[in-house]
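Visitor: sharing a model prediction with you, sequence too.
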Amino acid sequence: MPRGNPAINKPLKLSADLEAVIGKGPIPRGQVMKKIWEYIKGKDLQDPNNKRDIIADDKLRPLFDGKDKVNMFEMTKLLSKHLTKID
């Protein structure tokens, strides 16, 4: 029997903006967050003065409702708008 939260392991459909950053879906929410963090760290988009703040580049800005900077908790909320359950 698989462990963990089944909702986190369920594949979700991604918006076109999100696919532009992390690749084609559907993929589980946990993998979405992992790939987003890989992108952020690979592009050095964390604020050096406060690592909880993410500085948006041109690909992330549409995911962040046009904001130039969000904190990591707000980012999770904003990204959920780009995830859709598969029926």
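Guide: Great, that's in hand. What you see is a predicted model, and the numbers here were worked out from it, not measured in a lab. Residues are numbered from 1 along each chain as shown.
Visitor: what about the strands in the protein?
Guide: For the chain, the strands defined by DSSP state E occupy 11-14, 27-28, 46-47, 50-55, 69-71, 83-85.
Visitor: tell me what the second one is packed against?
Guide: When contacts are defined as 3 or more CB pairs under 8 Å, 6 or more residues apart in numbering; DSSP states H and E, strand 27-28 sits against strand 11-14. Placement of C-beta: from N, CA and C, glycine included.
Visitor: residues in contact with the closest residue to residue 15 other than its chain neighbours?
Guide: Spatial nearest neighbour of residue 15, chain neighbours left out: residue 82 (3.9 Å); criterion: CB to CB, 6 or more residues apart in numbering. Residue 82 is in contact with 14-15, 17-18, 63, counting by CB atoms under 8 Å, 6 or more residues apart in numbering.
Visitor: the residues you listed, buried ones only, as a PyMOL selection?
Guide: Buried residues within the contacts of residue 82, by 16 or more other CB atoms under 10 Å, are selected in PyMOL with:
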select buried, resi 14+15+18+63
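Visitor: now render the contacts of residue 82 as a markdown table, adding pLDDT and distance to residue 26.
Guide: A markdown table is the format used below for the contacts of residue 82 (pLDDT from 0 to 100; distance: CB to CB, whole Å):
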| residue | pLDDT | distance to residue 26 |
| --- | --- | --- |
| 14 | 97 | 7 |
| 15 | 97 | 12 |
| 17 | 97 | 15 |
| 18 | 97 | 11 |
| 63 | 97 | 17 |
